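>>> with the sequence up front, the predicted model follows.
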Amino acid sequence: MENPMNHFDGFRAALTGEAFGPGDDGYEAVRLPWNLLIEQRPALVVLAESVADVQATVRLAAEQGLPLAVQSSGHGAVHPCDDGVVLNVSRLTGVDIDAESKIASLDAGARWRAVLEAAAPYELAGLSGTAPTIGAVGYTLGGGLGLMLRRFGFAADSVVAADVVTADGSLVHASQTENPELLWALKGGSGNFGVVTRLQVRLYHVPAVHHGMAVYPGARAAEVLGAWAEWNGGVSDAVTSAVNVMSVPPLPTVPEPMRGQHVAMVRATIAGGDGAELDGLRSALGVPLMDGFRTCTYLEAALSGMEPTDPMPATGSSALLSELSAGAVDTLLAMSAPGSPVPSIEIRHLGGAAAKEPDQPSAVSHRDAGYSAAANAIAPTPEQLAAVQERLAEGFGALSGYTHPGALVNFMPARSTPEKVRTAFSPESYQRLREIKRTYDPSNLFRFNHNIPPAS
């Protein structure tokens, strides 16, 4: 195949960053996102190092009629961009903290770890999730279920303003006073409306949290989930928690009580640093195999997760639940039973501040859901992928009698159709998003995402 970059020498020369085509040294290293199941062979991969690079790349794709995918850490890649342009913004890593106003300004490729480390000296925290290596901007635009979800709401609700390169290459500012409709759409509508080159988000004064996990034998998983669900009925909004039932690999980096075992792990973050609310759960469940709860800084809590960091072939599925009934628990546990090709299921407690409409509205919908359930697996071979997908289809199909009708953008599986994406929003919000999409991206240039097509 001829290197398409031969046709774009002027484009390459004008870049501050770098561009790679098939056959170029370095192309193989940059063409794949974090999820290796998104096997893509783009005609161009642009590693942008400036906003001007972003604008030039968007214009190039639009003028040449080429598909365009925007990627940062690569965790959000959901459709392979073959024969198109991949705009990689991972080199745009600037982070500025205004401690007085409690606002963080993040460049397009900033990772959560860098944001939290910059905010920590001021005892401020952003609404990050369980993986500090993930891109902060993409995570936030997709909603963002953080470690303090019930205390401060969805990460998207804390967006203050954004600079956005739209489909014609223009750089526009979105705030409550300038392009407010675009700002509303960005807060939960994901990357459908342009390339966010700078995002401003609220930070929160969090001097300490009580954080950690307690590990119980997997044979007690139904008991753990039942006690946890009952406990959730009485906790304050300061408590954000989840249960992960999984078969832990026998790796030397895994603590001995868990290594190679099927376990149920209760994870919680309590904003404010007081662990007294855990007493009821401890009384119900007794002594765990391992108890790692402690009072610490938010930064320490955010960096303590066990999320994988290396690229891998990952797949999964998810659902929202109105409540965690015994039938739902049995179905979830059957899906991830020992020996299953799906080794883990995570159930998160929602509600609290996330259930309330924020002071400044956002596109995030389905705030009445009580829980989310997500199952994930590594599938390095076609045979393993087929087995995983079959188990996921069976498991979530059986769960359908217990599910909430909505969905969450950040938890949607790869290759979700627009019909599936529609379920992440209320009918009114979805129609409003489509109309805003028509204004800013009428040709659907930004479609290699959980796509919202423009209104006709």
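All right, it came through fine.
>>> which ones are touching Asn453?
One correction, residue 453 is Pro, not Asn. 418, 434, 437, 444, 447 (Cβ atoms under 8 Å, 6 or more residues apart in numbering). Just so you know, the C-beta spots here come from the backbone N, C-alpha and C atoms, and that holds for glycine as well.
>>> let me know the closest of the residues you listed to Asn179.
The shortest approach to Asn179 among the contacts of Pro453 belongs to Lys437, at 13.8 Å (Cβ to Cβ).
>>> show me this protein divided up by domain.
For the chain, the domain assignment from automatic domain parsing gives the residue ranges 4-88, 95-205, 209-411.
>>> just say which of those domains is most tucked in.
Neighbour counts averaged per stretch over those are highest for domain 95-205, at a mean of 22; criterion: mean count of other Cβ atoms under 10 Å.
>>> returning to what we had before: indicate which one of the domains of the chain is closest to Thr423.
Nearest to Thr423, of these and by Cβ to Cβ, is domain 209-411 at 4.6 Å.
>>> the closest one spans what distance, first to last residue?
Start and end residues of domain 209-411 are separated by 26 Å (Cα to Cα, to the nearest Å).
>>> what do you get for stretch 77-85?
End-to-end distance for stretch 77-85, by Cα to Cα: 13 Å.
>>> same check on stretch 331-339?
With Cα to Cα as the measure, stretch 331-339 spans 16 Å from end to end.
>>> contacts for that stretch?
By Cβ under 8 Å, 6+ apart, stretch 331-339 touches 218, 221-222, 225, 245-247, 262, 342-345, 347, 373, 375, 391-392, 394-396, 398-399, 402.
>>> distance from the chain centre to that stretch, please.
Here stretch 331-339 shows a centroid-to-chain-centroid distance of 24 Å under the convention Cα atoms, centre = their mean, to the nearest Å.
>>> what's near enough to touch Gly84?
42-44, 61, 66-69, 448.
>>> give me the subset of those residues lying in helices.
Members of those lying in helices (criterion: DSSP state H): Ala61.
>>> so the nearest residue to Pro42 once chain neighbours are set aside is in which element?
Closest residue in space to Pro42, ignoring its immediate chain neighbours: Val86 at 4.5 Å, by Cβ to Cβ, 6 or more residues apart in numbering. Val86 is located in strand 85-88, with elements delineated by DSSP states H and E.
>>> centre of the chain versus that strand, how much separation?
19 Å.
>>> who's in contact with the helix or strand that that strand is followed by?
Using DSSP H and E, the helix or strand that follows strand 85-88 in sequence is strand 95-98. Strand 95-98 has contacts (Cβ under 8 Å, 6+ apart) with 103-107, 110, 114-115, 118-119, 122, 124, 203.
>>> between the contacts of Gly84, which is nearest Ser236?
Relative to Ser236, the closest of the contacts of Gly84 is Phe448; by Cβ to Cβ it sits at 40.9 Å.
>>> my read: that closest one touches His79, true?
Yes. Using Cβ atoms under 8 Å, Phe448 is in contact with His79, at 4.7 Å.
>>> between the two, which contacts overlap?
Common neighbours of Phe448 and His79 (criterion: Cβ under 8 Å, 6+ apart): Ala69.
>>> what ranges do the helices span in the stretch 301-450 of the chain?
Assigned by DSSP state H, counting those that start in this stretch, the helices in the stretch 301-450 of the chain fall at 326-335, 382-399, 418-422, 427-440.
>>> closest one to Ala302 among the ones you listed?
helix 326-335 (26.3 Å).
>>> among the domains of the chain, which comes closest to Ser429?
Comparing the domains of the chain by Cβ to Cβ, domain 209-411 comes nearest, at 5.3 Å.
>>> hmm, back to that, mind putting the contacts of Gly84 into JSON lines with pLDDT and distance to Glu181?
What follows is the contacts of Gly84, written out as JSON lines (pLDDT from 0 to 100; distance: Cβ to Cβ, whole Å):
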{"residue": "Pro42", "pLDDT": "97", "distance to Glu181": "31"}
{"residue": "Ala43", "pLDDT": "96", "distance to Glu181": "33"}
{"residue": "Leu44", "pLDDT": "96", "distance to Glu181": "31"}
{"residue": "Ala61", "pLDDT": "96", "distance to Glu181": "24"}
{"residue": "Leu66", "pLDDT": "95", "distance to Glu181": "28"}
{"residue": "Pro67", "pLDDT": "95", "distance to Glu181": "26"}
{"residue": "Leu68", "pLDDT": "97", "distance to Glu181": "23"}
{"residue": "Ala69", "pLDDT": "97", "distance to Glu181": "25"}
{"residue": "Phe448", "pLDDT": "95", "distance to Glu181": "23"}
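>>> with distance to Ser50 added, can I get the contacts of Gly84 in TSV?
As requested, these are exported to TSV (distance: Cβ to Cβ, whole Å):
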residue	distance to Ser50
Pro42	20
Ala43	22
Leu44	17
Ala61	17
Leu66	21
Pro67	23
Leu68	18
Ala69	19
Phe448	22
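>>> inside strands: which ones of the contacts of Gly84?
Using DSSP state E, 44, 68-69 are the members of the contacts of Gly84 that sit in strands.
>>> out of these, who's nearest Arg150?
Ala69 (33.4 Å).
>>> got a list of what the closest one touches?
Going by Cβ under 8 Å, 6+ apart, Ala69 touches 40, 42, 77, 79, 81, 84-87, 448-449.
>>> how about a cut-off of 10 Å?
Contact partners of Ala69, counting by Cβ atoms under 10 Å, 6 or more residues apart in numbering, are 33, 38, 40, 42, 45, 61, 76-82, 84-88, 191, 446-449.
>>> before we move on, the earlier item: make a markdown table out of the domains of the chain and add distance to Ser456.
Putting the domains of the chain into a markdown table (distance: least, Cβ to Cβ, whole Å) gives the following:
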| stretch | distance to Ser456 |
| --- | --- |
| domain 4-88 | 20 |
| domain 95-205 | 16 |
| domain 209-411 | 20 |
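>>> endpoints of stretch 102-118, how far apart?
Span of stretch 102-118 from end to end, Cα to Cα: 12 Å.
>>> and that stretch, how far out from the chain middle?
Taking mean C-alpha positions (Cα atoms, centre = their mean), stretch 102-118 and its chain are 15 Å apart.
>>> what is the mean pLDDT for it?
Taken as a whole, stretch 102-118 has an average pLDDT of 98.
>>> how long is stretch 261-279 end to end?
End-to-end distance of stretch 261-279 (Cα to Cα): 26 Å.
>>> how about the ones in strands among the contacts of Gly84 in JSON lines, adding distance to Pro255?
Output for the ones in strands among the contacts of Gly84, formatted as JSON lines (distance: Cβ to Cβ, whole Å):
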{"residue": "Leu44", "distance to Pro255": "45"}
{"residue": "Leu68", "distance to Pro255": "44"}
{"residue": "Ala69", "distance to Pro255": "38"}
